[in-house]
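Participant: Sequence below, structure please.
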Amino acid sequence: MPATFESFGIRFLYPDNWKEIERPEDEGHDGVTLEMPTGGFFTLEKDYEGQLAEEIIEEIVTSMAEEYGEMEQEDIELTGASQHERAVDFRFYCLDLVVVSRLIIMMAGGNTLVLQIQAESREFDDNELVFTALLKQIRDLL
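Facilitator: Next up, the predicted model:
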């Protein structure tokens, strides 16, 4: 039976073996991080105060580069994406593993949603259908 996330006007189902991570107070209440059993994660944040997609991507790239060092970056086209959606894949090494981090920025109805999905490359590939289902549920809400 899938688990349900419902907060800040967003509702979606996710695998029941994923764990919701408690958010620090300084991160606010308009977001969620779900941890996969094998260490990957899915994060959703709402509203980046009117920032443009490019500004959000630059901010996140800077933060990731500080933590992980050199990264490959590739703009991607996702199935079902609207004209108000931007997706970027990053690949980098961490503990001798190739990690994939997908950043998706969705702008709709005056809101900006930032999704980040990150996992070791094989885990990422194994969960691609789950990620697609999560994204579809969120798109359907917008």
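Participant: Just the CA atoms of the helix or strand of the chain with the lowest mean pLDDT, as CSV, please.
Facilitator: Sorting the helices and strands of the chain by mean pLDDT, DSSP states H and E puts helix 53-68 at the bottom, at a mean of 86. Only the C-alpha atoms of helix 53-68 are listed here, as CSV (Å, rounded to 0.1, in the frame of the first residue of the first chain):
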residue,chain,number,x,y,z
ALA,A,53,14.4,29.0,-13.5
GLU,A,54,18.0,29.9,-14.5
GLU,A,55,18.6,31.6,-11.2
ILE,A,56,17.3,28.6,-9.2
ILE,A,57,19.5,26.2,-11.3
GLU,A,58,22.6,28.4,-10.8
GLU,A,59,22.0,28.5,-7.0
ILE,A,60,21.6,24.7,-6.8
VAL,A,61,24.6,24.1,-9.1
THR,A,62,26.8,26.3,-6.9
SER,A,63,25.7,24.4,-3.8
MET,A,64,26.2,21.0,-5.3
ALA,A,65,29.6,21.9,-6.8
GLU,A,66,30.8,23.0,-3.3
GLU,A,67,29.8,19.6,-1.9
TYR,A,68,30.6,17.2,-4.8
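Participant: Enumerate every residue touching the residue most central in space within the chain.
Facilitator: For the chain, the residue sitting closest to the mean C-alpha position, by CA atoms, centre = their mean, is residue 116 at 1.8 Å. Counting by CB atoms under 8 Å, 6 or more residues apart in numbering, residue 116 touches 41, 42, 43, 60, 101, 102, 103, 104. The C-beta positions use only the backbone N, C-alpha and C, and glycine is treated the same way.
Participant: residue boundaries of the helices in this structure?
Facilitator: 53-68, 121-126, 128-141 (DSSP state H).
Participant: Give me the contact list for stretch 123-133.
Facilitator: 14-15, 36, 38-40, 42, 79, 100, 102, 117-119.
Participant: For that stretch, measure first residue to last.
Facilitator: The first residue of stretch 123-133 is 16 Å away from its last residue (CA to CA, to the nearest Å).
Participant: just stretch 7-16 next, same as before
Facilitator: End to end - CA to CA - stretch 7-16 spans 17 Å.
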